[in-house]
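Trainee: My questions concern the predicted model and sequence given below.
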Amino acid sequence: MRILVVEDDPKIAAFIGRGLKGSGFVVDRAADGETAYRRLLGEPYAASVMDVMLPKLDGLSLIERIRREKIGVPVLILSAKRSVDDRVKGLRAGGDDYLTKPFSFSELLARIEALVRRTRGAAQGAAGSALLAVGDLSINIITREVVRSGGKIDLPVKEFVLLEYLARNAGRPVSKAMILENVWNYDFDPQTNVVDVLVCRLRDKIDKPFAEKMIQTIRGVGYVLKGS
Amino acid sequence: MTAAYFFVASSLRRGDRAAIASDLVHFRDEYRDEGLAGLKSEAATQIWEGGQDIRLIRLLGAGRRGIFDLRANGWSKFNLPGITPPAGLKPSWTSIPAPPDDQSMEIVSQALPNGEILQIGQSTARREDVLERFRWILAAVFVLAIILGLVGAFLMSRRALSPIRGLVRTLEAVKSGAIGARAPLRHTGDELQELTELFNGMMERIEALVSGMKSALDNVAHDLRTPMTRLRAVAELPLRSEADVSDYREALADCVEESDKVLGMLDTLMDISEAETGTMALSMEPTNVSELLREAREAYRYAAEEKGLRVDVAGGEDIRVLCDRGRMRRVVANLLDNAVKYTDPGGEINLTATREDGFIAVIVRDTGIGIPPQDLSKIWERLYRSEAGRSQRGLGLGLSLVKAIVQAHDGSVEVSSAVGSGSRFTVRLKTVS
């Protein structure tokens, strides 16, 4: 799958490019709006990561132009502006998702994959079915039943929501900020270690009784649910 | 004034003519009664001794043949121009210029029953004198009036426009940097006073905004130095000597965490600045505040349990209010965060939402360590930490953000606290929009 990274800052572009390549994508880069426009016209991309501040042609105008040419490539907008108005502007211009800078790579990856999944039609992998399976862990998102190695595990609401989120992103680390937003709808960081404590509780139930620890911490990045 | 002049002039003339007319009658009667001799002697008396300015008395016979002609000194030389004989018995008047003393003379001619014509001439010198003096006085008064008028108009317009001059001067002062300059206010009760008041009000607002922004920038720069210092130190240390991969991993992970903290701080500081300068854009929506309290309790449930604290939300009917839901969520989280941080194990935290007159109140009460009285006013300051709180995690921005958000809603927040027994924070939001 091919992704076009449109970013004029070389360090950030390299960072994104390398990260996406490491996750299995083929990456093309463009450092200004005009080049990006030509590339998007010339080739079909699975998705594009686009900064709004670009030389020659800014991000939002670029999106408007390609939409007029009926190019439906999903676009993840990157911007330093975080107000609701700016988000809305970006989505109205034709963008599909919006990520503010600075961002954690985990979040960028999760959003790109969600965009790619969308265009390939839902019902792929974990997105459509009622059952999420990771390693010997199985989660029924409708009945809220959790089973590991054949044994049923009872989980209070928040632990379940966290587990579901980790499972949907199985194998990919999710940052603390992503967890705060998806589990509690908090777009800020409460200074008390709310997330750490919840992960700890979840581990008690999911990992403690078992030899293999599925929930892992990657310092500086986040938490990941890994099956073997 | 011109009207007055003409009125005076014509009155004087009428007066004079009346006088001569009566003289004429007097001479006619004299002639009739005493004959020519009587007329001559009377004429002489009048011309030489009378005080009437009579200069000429003449009697003409048939065919204009002069019978008698008596004139005052200096008047004998000139020739009387032809004078129209009076028609009928009514006297006729003529004015002629008389060279001797540059005056004019009024001559009245009367036809007598026997066909002779009697004429009397009177100098208008005296009258002219008076009128001339009168003309000078009028001119002087006229000029004076004009001068006074101009000066008066000039002063009045200066006075009327002085508020505008005041505004112009103030604006010039502001342009050269004196942002505290205000236009002088004069209570004239008119639109200019209103304009001045509005202008000064606008300058107040501009000054508040500008100094708010200046100090916000100063604060941000200052507040960021500590975490940036930490970040730098953490990154630099492993580079100073040979370290193994796990050390580098540690250091890099620390850097990411510290960076996130800096970003969080930056965002919070910008939020505080926005709220303080009144530029925070709130997205107001009807919010179930009681639900917000329950959500917060959920989020902090485990942190509280770990510390052996009990957190409960008061029951009763759900309280709703118009507010920015995301930001109020943050306010509640910050207050609860503090309560959990500063309450010792075994303590209790109560979250309540109540309805008051015109407000709703959100109360976070704890049985924690409390705040010493001398610190009570300082807790709202950015990065403020009391002695007890110094070792705690966090940025010290929580309460200043709470205050900023509540003020952006035009609400209020207050605290009451006692060392050893706990604290009670009350946020009030208006219910009438």
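Mentor: Looks like it came in fine.
Trainee: make it CA atoms for all contacts and neighbour counts henceforth
Mentor: OK.
Trainee: Contact residues of the stretch 201-350 of chain B facing chain A?
Mentor: B:250, B:252-257, B:263-264, B:295, B:299-300, B:302-303, B:326, B:330, B:333-334, B:337, B:341 (CA under 8 Å from any CA of the partner chain).
Trainee: quick one: residue A:34 from residue A:8, how far?
Mentor: 12 Å (CA to CA, to the nearest Å).
Trainee: And for residue A:14?
Mentor: Applying CA to CA to residue A:14 and residue A:8 gives a distance of 10 Å.
Trainee: where does the residue of the stretch 251-400 of chain B at minimum distance from chain A land in three-state SS?
Mentor: Chain A sits closest to residue B:253 of the stretch 251-400 of chain B, with a gap of 4.1 Å, by CA to the nearest CA. Residue B:253 falls in the helix class when you classify it by DSSP: H, G, I helix; E, B strand; the rest coil.
Trainee: how about the nearest residue to it, chain neighbours excluded?
Mentor: Spatially, and ignoring its direct neighbours in sequence, residue B:253 is nearest to residue A:220 (4.1 Å; CA to CA, 6 or more residues apart in numbering or on different chains).
Trainee: Doesn't that neighbour lie inside a helix?
Mentor: No: counting by three-state DSSP, residue A:220 is not part of a helix but coil.
Trainee: so residue A:49 sits right up against residue A:6, yeah?
Mentor: Yes: with contact defined as CA atoms under 8 Å, residue A:49 counts as touching residue A:6 (6.0 Å).
Trainee: helices and strands around the longest helix seen in chain A, which ones?
Mentor: Counting by DSSP state H, the longest helix found in chain A is helix A:105-119. The helices and strands touching helix A:105-119, judged by 3 or more CA pairs under 8 Å, 6 or more residues apart in numbering or on different chains; DSSP states H and E, are helix A:10-22, strand A:47-51, strand A:75-79.
Trainee: For it, which outside residues touch it?
Mentor: A:16, A:19-20, A:46-47, A:49, A:74-76, A:96-97, A:99, A:124, A:169, A:172-175, A:178, A:221 (CA atoms under 8 Å, 6 or more residues apart in numbering or on different chains).
Trainee: can you rerun that using 10 Å?
Mentor: Outside helix A:105-119, the residues that touch it by CA atoms under 10 Å, 6 or more residues apart in numbering or on different chains are A:1, A:3, A:15-16, A:19-20, A:23, A:45-49, A:72-76, A:78, A:96-100, A:122-125, A:127, A:168-169, A:172-175, A:177-178, A:221-223.
Trainee: Contacting chain B as well, which ones from the residues you listed?
Mentor: Of the residues in the contacts of helix A:105-119, proximity to chain B by CA under 10 Å from any CA of the partner chain holds for A:177, A:221.
Trainee: that older thread, save the helices and strands packed on helix A:105-119 as a markdown table, and put in mean pLDDT and mean neighbour count too.
Mentor: Formatted as a markdown table, these follow (pLDDT from 0 to 100; neighbours: other CA atoms under 10 Å in any protein chain shown):
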| stretch | mean pLDDT | mean neighbour count |
| --- | --- | --- |
| helix A:10-22 | 92 | 15 |
| strand A:47-51 | 95 | 26 |
| strand A:75-79 | 94 | 23 |
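Trainee: Those: which one's closest to residue A:104?
Mentor: Residue A:104 lies closest to helix A:10-22 among the helices and strands packed on helix A:105-119, at 10.3 Å (CA to CA).
Trainee: Could I get the contacting residues of the residue of chain A found nearest chain B?
Mentor: Chain B sits closest to residue A:220 of chain A, with a gap of 4.1 Å, by CA to the nearest CA. By CA under 10 Å, 6+ apart, residue A:220 lies in contact with A:104, A:175-176, B:249-260.
Trainee: For residue 20, list the residues it contacts.
Mentor: All of this is about chain A. Counting by CA under 10 Å, 6+ apart, residue A:20 has contacts A:2-3, A:5, A:14, A:26-27, A:105, A:108-109, A:112.
Trainee: if you could check chain B rather than the one you did, that'd help
Mentor: Listed by CA under 10 Å, 6+ apart, the contact set of residue B:20 reads B:14, B:26, B:52-54, B:106-108, B:120-122.
Trainee: about what we covered before: state the pair within the contacts of residue A:20 that is farthest apart.
Mentor: For the contacts of residue A:20, the farthest-apart pair by CA to CA is A:2 and A:105; their separation is 17.8 Å.
Trainee: Can you flag the buried ones in the contacts of residue A:220?
Mentor: Among those, those scoring as buried are A:104, A:175-176, B:251-260 (criterion: 16 or more other CA atoms under 10 Å in any protein chain shown).
Trainee: Turn those residues into a markdown table, including distance to residue B:113 and pLDDT.
Mentor: Formatted as a markdown table, the buried ones among the contacts of residue A:220 follow (distance: CA to CA, whole Å; pLDDT from 0 to 100):
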| residue | distance to residue B:113 | pLDDT |
| --- | --- | --- |
| A:104 | 138 | 87 |
| A:175 | 142 | 89 |
| A:176 | 141 | 88 |
| B:251 | 148 | 90 |
| B:252 | 146 | 90 |
| B:253 | 146 | 90 |
| B:254 | 144 | 88 |
| B:255 | 142 | 90 |
| B:256 | 141 | 88 |
| B:257 | 141 | 84 |
| B:258 | 139 | 84 |
| B:259 | 136 | 87 |
| B:260 | 136 | 83 |
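Trainee: From residue B:206, how far out is residue B:67?
Mentor: Going from residue B:67 to residue B:206 by CA to CA gives 104 Å.
Trainee: Excluding covalently adjacent residues, which one is nearest to residue B:95?
Mentor: Nearest to residue B:95 is residue B:106, by CA to CA, 6+ apart, at 4.4 Å.
Trainee: Which strand or helix spans that neighbour?
Mentor: strand B:103-111 (DSSP states H and E).
Trainee: Many thanks, have a good one.
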